[in-house]
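Student: quick one, what's the 3D model for this:
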Amino acid sequence: MVQEELWERMRALPYTYMAPTRVSVSHARALFLADGVGSADTTRFQAGREFAHLHPHHDGSLHLALPEWAKDQAVEAGWGQRHPVQNVLMVYGPRDRAELEVVWHLVQLCYGWALGDVD
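Tutor: You can find the predicted model right below:
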């Protein structure tokens, strides 16, 4: 299943840890950036140090904290939509290997944004 491969890639990102989400449904799997690593700018996170979460299998979509330009490009390309309340992008879950690579690219942008490596 491509969503599990995506999750395994996400979990392997350096300086991250999995913990219960602070902003989503209880079965969502959330990633946090370790304290003292990356940006201190809270707008680069969803809540606390949570920068991404993957929704349960029946959905498979993600919420990612991204810079505005990346959200704009993803929405224009049809890969997601802006969250109506939070300042994040809801990204559609990958259904095949090609979509997995696109979504993985967005996750990497999100991670780079949290680290402070992406403007």
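Student: count the neighbours of residue 42 for me.
Tutor: Counted with other CB atoms under 10 Å, residues neighbouring residue 42 total 11. All C-beta atoms are positioned from the backbone trio N, CA, C, and that covers glycine.
Student: backbone phi and psi for it, please?
Tutor: The phi/psi pair for residue 42 (degrees, to the nearest 10) reads phi -60, psi -20.
Student: before we move on, what about residue 55?
Tutor: According to degrees, to the nearest 10, residue 55 has phi -70, psi 170.
Student: cool, and the one 3 residues further on?
Tutor: In terms of degrees, to the nearest 10, the main-chain angles of residue 58 are phi -60, psi -20.
Student: which other helices and strands contact the longest helix along the chain?
Tutor: When the chain is parsed with DSSP state H, its longest helix is helix 97-115. Other elements packing on helix 97-115 under the criterion 3 or more CB pairs under 8 Å, 6 or more residues apart in numbering; DSSP states H and E are helix 2-11, strand 50-54, strand 62-64, helix 68-76, strand 89-91.
Student: which helices and strands does whatever helix or strand comes next after the fourth one pack with?
Tutor: If I follow you right, that is helix 68-76. Sequence order places strand 80-82 as the next helix or strand after helix 68-76, per DSSP states H and E. Using 3+ CB pairs under 8 Å, 6+ apart, the elements in contact with strand 80-82 are helix 68-76, strand 89-91.
Student: and the contacts of strand 80-82?
Tutor: With CB atoms under 8 Å, 6 or more residues apart in numbering as the contact definition, strand 80-82 has outside contacts at 61, 71, 74-75, 88-92, 106.
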